[in-house]
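Visitor: structure for this input, please:
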Amino acid sequence: MRIGFGYDSHRFVRGRKLIIGGVEIPYEKGLGGHSDADVLCHAITDAVIGALGLGDIGTHFPDTDAKWKDAVSIELLKYIVELARMNGFQIIWVDTTIVAERPKLSPYVSQMKEVLAGVGIATGAINIKAKTNEGMGFIGRGEGIAAYAVCLLGKV
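Guide: Numbers count the residues shown, from 1 in each chain. Just a heads-up that it's a prediction; the model follows:
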């Protein structure tokens, strides 16, 4: 078995959709980034890559490469989950935390799990928690969102 840890954060910007866990969430701002800036997918992707010992998300999908501009992060995660399979591993468990002052994310957690099941993470093999930062720091000021993920891989 192997364990990986992932983290991601993005600042809010106007004029973009807010996508978290592959789900579009109604809000007046989205997250800025080279891709669709899906912090949850990025954190999970980084956790899987870390468990595989294959660097980080920037190694596989560099923001200096135009082909990843506006990439759909759920598709990047799907590729990495398949890479894990090709390396003889399966995802046993993923535990995540999304930290956002606004918008309230808990109503979207079950939908996020359904979307993530489509990339090969069983709904019973993922936990998604949505927390605030109690008004502290860049998250508390409403400047952005962060996500953390831990992934357990097992040999197939």
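
Visitor: C-alpha only now, for contacts and for neighbours.
Guide: OK.

Visitor: put the alpha carbons of the lowest-mean-pLDDT helix or strand in the chain into PDB.
Guide: Here the helix or strand of the chain ranked lowest by mean pLDDT, DSSP states H and E is helix 57-60, holding a mean of 93. Coordinates of each C-alpha in helix 57-60 appear next as PDB, following Å, rounded to 0.1, in the frame of the first residue of the first chain:
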ATOM      1  CA  ILE A  57       0.400  17.800 -10.800                       C
ATOM      2  CA  GLY A  58       2.700  20.400 -12.300                       C
ATOM      3  CA  THR A  59       5.100  17.700 -13.500                       C
ATOM      4  CA  HIS A  60       2.300  16.000 -15.500                       C
END
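
Visitor: can you pull out the strands in the chain?
Guide: For the chain, strands defined by DSSP state E occupy the ranges 2-13, 18-20, 23-25, 30-31, 89-99, 126-131, 144-155.

Visitor: the first one vs strand 144-155, what angle?
Guide: Taking axes from the mean of the first three to the mean of the last three CA atoms, to 10 degrees, strand 2-13 and strand 144-155 form an angle of 160 degrees between their directions.
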